[in-house]
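[1] Structure for this input, please:
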Amino acid sequence: MQLIDTHTHLDFPVFDADRAAVLARSRARGVRRLLVMGVYRDNWARLWDLACAEPGVYAALGLHPVYLEQHHDAHLDELRDWLQRLAGDPRLCALGEFGLDRYVEGLDPARQQRLFEAQLALAVEFHLPALLHVRRAHAACIATLKRFRPPRGGIVHAFAGSYEEAREYIRLGFRLGLGGAPTWEQAHRLHKVVARLPLDSLVLETDSPDMAPAMHPHQRNSPEYLPDICVRLAELRGMAPEDLAAASTRTACALFGWSLD
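    Residues are numbered from 1 along each chain as shown. Purely as a prediction, here's the structure:
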């Protein structure tokens, strides 16, 4: 299988000791490309250096809602500067990870919304896909997307919403990122949603080092586990893993403007 991991945090310090080995094992298992997410201003340079140093590694830059207290208004100006400076560089392929989080306590909803809208405006301005973090905030997110309508859509990462919410995102040009969560036996509602989603709306991800799948529980997640995730999701959909991998790769390549070879 040839796979694309559309959501990782491979720049995080937990990978410092063996990042090269993780990449080698991932490539050996067919993970041909992976995307590393920016989450706050201070990790942009680190992940950009990684994308420049490693073939098949791509970067997205953004301000994640969970790190709200680390963000300042000036960081939006710095984000714009980065996007202007890197415009046209194929290693920068999206804006993210950003969005809304109503799960973590203590995150000011109004500040989150302002930050979300400011970054959506940048996605529109720079014609970049938006890579979204949405937890317990699908209604607010969908309503906001209907106002901004980023022309290249994007991905709703770690989608765990309802089938009806999935349809709304798809209508808005978004794909749905699926990773470790649906591999767990107790995720019964999500299993039913995953089985019904249109094949061309799905992309695969790990969210490494977080959200380890059921077959690698209670440990650091890794892009090398993406084939195992693909196998489990294919089982839920009643299809061959190779067909799911091929469809996800086609969808990711179309979204990010990559060739299939």
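[2] Going by C-alpha atoms from here, please, whenever you check contacts or count neighbours.
    OK.
[3] Angles on the backbone of E69, please.
    Listed backbone geometry of E69 is phi -70, psi -20, with angles given as degrees, to the nearest 10.
[4] Tell me how many other residues crowd R29.
    When neighbours are defined as other Cα atoms under 10 Å, R29 has 18 of them.
[5] what does E125 give?
    By other Cα under 10 Å, 12 other residues sit near E125.
[6] how about the CA coordinates for stretch 74-85, as PDB?
    Output for stretch 74-85, consisting of C-alpha atoms alone and laid out as PDB, is shown next (Å, rounded to 0.1, in the frame of the first residue of the first chain):
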ATOM      1  CA  ALA A  74       1.300  39.700  16.900                       C
ATOM      2  CA  HIS A  75       1.500  36.000  16.000                       C
ATOM      3  CA  LEU A  76      -1.200  36.400  13.400                       C
ATOM      4  CA  ASP A  77       1.000  39.100  11.800                       C
ATOM      5  CA  GLU A  78       3.900  36.700  12.000                       C
ATOM      6  CA  LEU A  79       1.800  33.900  10.400                       C
ATOM      7  CA  ARG A  80       1.000  36.200   7.500                       C
ATOM      8  CA  ASP A  81       4.700  37.000   7.100                       C
ATOM      9  CA  TRP A  82       5.500  33.300   7.000                       C
ATOM     10  CA  LEU A  83       2.800  32.700   4.400                       C
ATOM     11  CA  GLN A  84       4.000  35.500   2.300                       C
ATOM     12  CA  ARG A  85       7.600  34.500   2.400                       C
END
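[7] From the chain's centroid, how far away is that stretch?
    Remark: stretch 74-85 is offset 20 Å from the chain centroid, using Cα atoms, centre = their mean, to the nearest Å.
[8] Equivalent analysis for stretch 175-186, please.
    Using Cα atoms, centre = their mean, the distance between the centre of stretch 175-186 and that of its chain works out at 13 Å.
[9] Check stretch 117-126 too.
    17 Å.
[10] how about it: buried residues?
    Judged by neighbour count (16 or more other Cα atoms under 10 Å), stretch 117-126 contains these buried residues: E117, Q119, L120, L122, A123, V124, F126.
[11] Sort out for me which of those are in helices.
    When helices are assigned by DSSP state H, the members of the buried residues of stretch 117-126 inside them are E117, Q119, L120, L122, A123, V124, F126.
[12] what mean pLDDT does the helix or strand containing A195 have?
    Assigned by DSSP states H and E, A195 belongs to helix 188-196. Averaging the model's pLDDT scores along helix 188-196 yields 98.
[13] Ok, stretch 128-135 next?
    Confidence over stretch 128-135 (mean pLDDT, whole number) is 98.
[14] go on, stretch 76-91?
    Mean per-residue pLDDT for stretch 76-91: 98.
[15] Check what contacts that stretch and list those residues.
    Identification of contacts with stretch 76-91 by Cα atoms under 8 Å, 6 or more residues apart in numbering yields 41, 51-52, 57-59, 61-62, 92, 118-119, 122, 126.
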